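Enquirer: Following is a predicted model, sequence given first.
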Amino acid sequence: MTNAHNRTYTLSITGVLGALIILQSYLPMIGYITVVPGLPAISTIHVTVIVAASLLGPKMGMGLGTLWGVVSMIKAYTEAGDPLSLLLFQNPIIAILPRLAVGLVAGVIAYSLWPKVTGVKRTIKLSVAGILGALTNTVLVIALTWLLRGSAAVNLIPQANLATLGIVLFGMFFANAVAEMILAGIVTPLIVQPLLRFKR
């Protein structure tokens, strides 16, 4: 791939996926799917960030992950939502850092490690990048909530206290995390593999 082709490819993918992140964030039941009212919604936006990181590398993945985090923080301040999500994502560290880390983890696995593998091995690598990218978001959101918003979160979760908050949050996010990991593990290779052909 020539430098000009590479720049065009990077700009095109970045522009399309960046716009998609914004659309997913604001279109109902596209980027966030509410299954149980009052509980955090299942996200599909992490897949877009993981795809970007897999195609363009960890730096661009972190950039689009940061975009996702900033948009989610803006939404937490400007739109109604479940109380727990509003509490968490009005904090810029909780809103941005886990999403930035999704792009980093997925990009390192899918783009930087074993760059020349093909076939089934590449499919597995992309699936692993999707699964671990999704898991990164959940783990960091829970950990940062416990560290930074523990007392406030306890007030919203009657059965929790500071000692058990991490376990309670994990229980609340568990179904979401499993669904998000399965989605990312399946969809990431299905999208990335065809798009890699245009990079040659």
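Expert: Sure, I can see it.

Enquirer: Helix or strand with the lowest mean pLDDT in the protein?
Expert: Across the helices and strands of the chain, the lowest-confidence element by mean pLDDT, DSSP states H and E is helix 150-156, at a mean of 75.

Enquirer: Now do the buried residues in it.
Expert: 150, 153, 154 (16 or more other C-beta atoms under 10 Å). (Each C-beta comes from the backbone N, C-alpha and C, glycine too.)

Enquirer: if we take those, which one ends up nearest to residue 73?
Expert: residue 153 (16.9 Å; C-beta to C-beta).

Enquirer: how about the closest residue to the closest one other than its chain neighbours, what does it touch?
Expert: Leaving aside its sequence neighbours, residue 153 sits nearest to residue 145 (C-beta to C-beta, 6 or more residues apart in numbering; 5.7 Å). Going by C-beta atoms under 8 Å, 6 or more residues apart in numbering, residue 145 touches 88, 94, 153, 165, 169.

Enquirer: Max pairwise distance over these: which two?
Expert: Spatial extent of those (C-beta to C-beta) is set by the pair 94 and 165 at 13.8 Å.

Enquirer: So for the two, which residue has more residues nearby?
Expert: Counting neighbours by other C-beta atoms under 10 Å for residue 94 and for residue 165 shows that residue 94 has the greater number, 25 against 19.

Enquirer: so when I look at the more buried one, I'm seeing a helix, right?
Expert: Yes. The assignment for residue 94 is a helix, going by DSSP: H, G, I helix; E, B strand; the rest coil.

Enquirer: so how far is residue 73 from it?
Expert: The span separating residue 94 from residue 73 equals 9 Å under the rule C-beta to C-beta, to the nearest Å.

Enquirer: tell me the strands in the chain, going along the chain?
Expert: 32-33, 42-43 (DSSP state E).

Enquirer: wait, which of these is closest to residue 140?
Expert: Going by C-beta to C-beta, the one of the strands of the chain nearest residue 140 is strand 42-43, 13.3 Å.
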